[in-house]
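Novice: Got a predicted model here, sequence first, then my questions.
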Amino acid sequence: MSEAGATLPTPESSDHALAAAGCVEEARLWQRLMELATFGATAAGGVNRQALSAEDIDARRLMLRWSGELGLEASTDEIGNLYLRRPGTDAAAAPVMTGSHLDSQPMGGKFNGAYGVLAGLEALQAMTQAGIETRRPVEVVAWTNEEGSRFQPGTMGSCVFTGRMTLPELLPVVDRNGVSVAQALAEVLDAAPELPRRESGFPVAAFVEAHIEQGPILERAGKPVGVVNGVQGLRWFTVEVTGEAAHAGTTPQRLRRDALKAASAMVVAMNEALADENDIVRFTVGRFEVHPGAPSTVPARVLFTIDLRHPELSVIEWLTEKIEAACQANALGCGVSLQRTEDVSPTVFDPAIIEAIGGWADRLGFARETMVSGAGHDAMHMADVCPSGMIFVLCKDGVSHNEGEHAEPADLAAGARVLTATLVDLAQR
């Protein structure tokens, strides 16, 4: 446990934390969220702002404008993570960090990721408005490519920062149009040549990420704030099924090596094998590509993805065996290859950070729920290198990765107030 979470707040730091939380402005936070959502705005009210895109560059420019107005120190690193720093009285102290991501799914909402970045910015402005100096610097980070919708895997920025992956591993990755991470990242960095560059992986005293829940638990409980004690593990696969192209009108069924028929049988078998009466297992086939995709040609190749999640690593291993067996047993004469593209063990957050978040929610008068995150977040990687935790806020119907995603201004402000108090507390230790 680092010194950031090793001591209880002093009476003075408690007063400072409450004063800063009281300076969070609901309307200001909402206005910034709505302005940011204009970059990549969709006709249905959502956001398509994929990583390292022109829309992402515009969003970063807006963050830099706001940062300049607040007198923050902006910088970036080799993977394009964006840092906004409020100095502390001890320049040598490791910073307390908060933030999330600016990129979205292709049909995403206004709040996923963006809320965590802007709640952090609101926290820094509230500290200044309250006239509070912290011992440690406090930094807001916008991590690069958390979503993984354009480039896989996701959470690239935090993976490079924590050493889970290296930049050379990621630069050759290409999107569906053949654009590489190297090309897109160069465009992002070239868009702000004046921005100081720093080495990623610098020491961090603590990390706290605010995020919409992306699930229904808080709404059902009637509580605005979630104290997240961990993140369930996830494992991603890409499955390639290889058959043989043939004429749809002349090739008998028994002579076909139909990749689509085999892939469909695999998905059905996996759904049956992974059925869970407790509804804890999360199994999703999110992408399904058929080649050559001609109406009169037997499919020669199918590529599909699997997203598998569970809170226990032993269960993930057991389910992986079932997935592999289902693919082999339903190949129907086709070739099949299964590749893991992401593998993240379940995360347990630091008890002292969990206690601090819960304590400030209580002192600020917000009902809270302790919970596990079903979705992966950058905080799960930061937990490898520093005490970390997360704050959830209620979102309507638990809807996310969807243009209809919505959160109420009051709930967003509640989470920002808990975040602000927690950051001040940790930054004074």
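Specialist: Right, received. Where do you want to start? Numbers count the residues shown, from 1 in each chain.
Novice: So which bits of the one helix or strand residue 59 maps to are buried?
Specialist: Under the criterion of DSSP states H and E, residue 59 resides in helix 54-70. Within helix 54-70, the residues that count as buried by 16 or more other Cβ atoms under 10 Å are 55-60, 62-64, 66-67. From N, CA and C alone the C-beta is placed, and that goes for glycine too.
Novice: Can you tell me which helices and strands whatever helix or strand comes next after that helix packs against?
Specialist: Next helix or strand after helix 54-70 toward the C-terminus (DSSP H and E): strand 73-76. Here strand 73-76 touches helix 54-70, strand 82-86, going by 3 or more Cβ pairs under 8 Å, 6 or more residues apart in numbering; DSSP states H and E.
Novice: Take those and lay them out in a markdown table including mean pLDDT.
Specialist: Shown next, in a markdown table, are the helices and strands packed on strand 73-76 (pLDDT from 0 to 100):
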| stretch | mean pLDDT |
| --- | --- |
| helix 54-70 | 98 |
| strand 82-86 | 98 |
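Novice: one step back: what's the offset of the helix holding residue 59 from the middle of its chain?
Specialist: On the basis of Cα atoms, centre = their mean, to the nearest Å, helix 54-70 sits 19 Å off its chain's mean C-alpha point.
Novice: Can you name every helix or strand that it contacts?
Specialist: When contacts are defined as 3+ Cβ pairs under 8 Å, 6+ apart, helix 54-70 packs onto helix 26-36, strand 73-76, strand 82-86, helix 114-129, helix 181-190.
Novice: Would you map the helices across the protein?
Specialist: Counting by DSSP state H, the chain has helices at residues 11-22, 26-36, 54-70, 114-129, 156-162, 167-170, 181-190, 217-221, 259-273, 313-329, 351-363, 379-382, 409-427.
Novice: For residue 233, which of these is the nearest?
Specialist: For these, proximity to residue 233 was assessed by Cβ to Cβ; helix 313-329 is nearest, at 5.2 Å.
Novice: low pLDDT regions in the chain?
Specialist: For the chain, residues meeting the criterion pLDDT under 70 lie at 1-11.
Novice: Now distance to residue 283 too, for the helices and strands packed on strand 73-76, in JSON lines please.
Specialist: Shown next, in JSON lines, are the helices and strands packed on strand 73-76 (distance: least, Cβ to Cβ, whole Å):
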{"stretch": "helix 54-70", "distance to residue 283": "30"}
{"stretch": "strand 82-86", "distance to residue 283": "34"}
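Novice: which one of these lies closest to residue 286?
Specialist: Among those, the nearest to residue 286 by Cβ to Cβ is helix 54-70 (21.3 Å).
Novice: one step back: and of the buried residues of helix 54-70, the nearest to residue 329?
Specialist: Nearest to residue 329, judged by Cβ to Cβ, of the buried residues of helix 54-70 is residue 56 at 42.2 Å.
Novice: wait, what's in contact with that closest one?
Specialist: With contacts defined as Cβ atoms under 8 Å, 6 or more residues apart in numbering, residue 56 is in contact with 39, 49-50, 102-103, 188.
Novice: how about a cut-off of 7 Å?
Specialist: By Cβ atoms under 7 Å, 6 or more residues apart in numbering, residue 56 lies in contact with 49-50, 102-103, 188.
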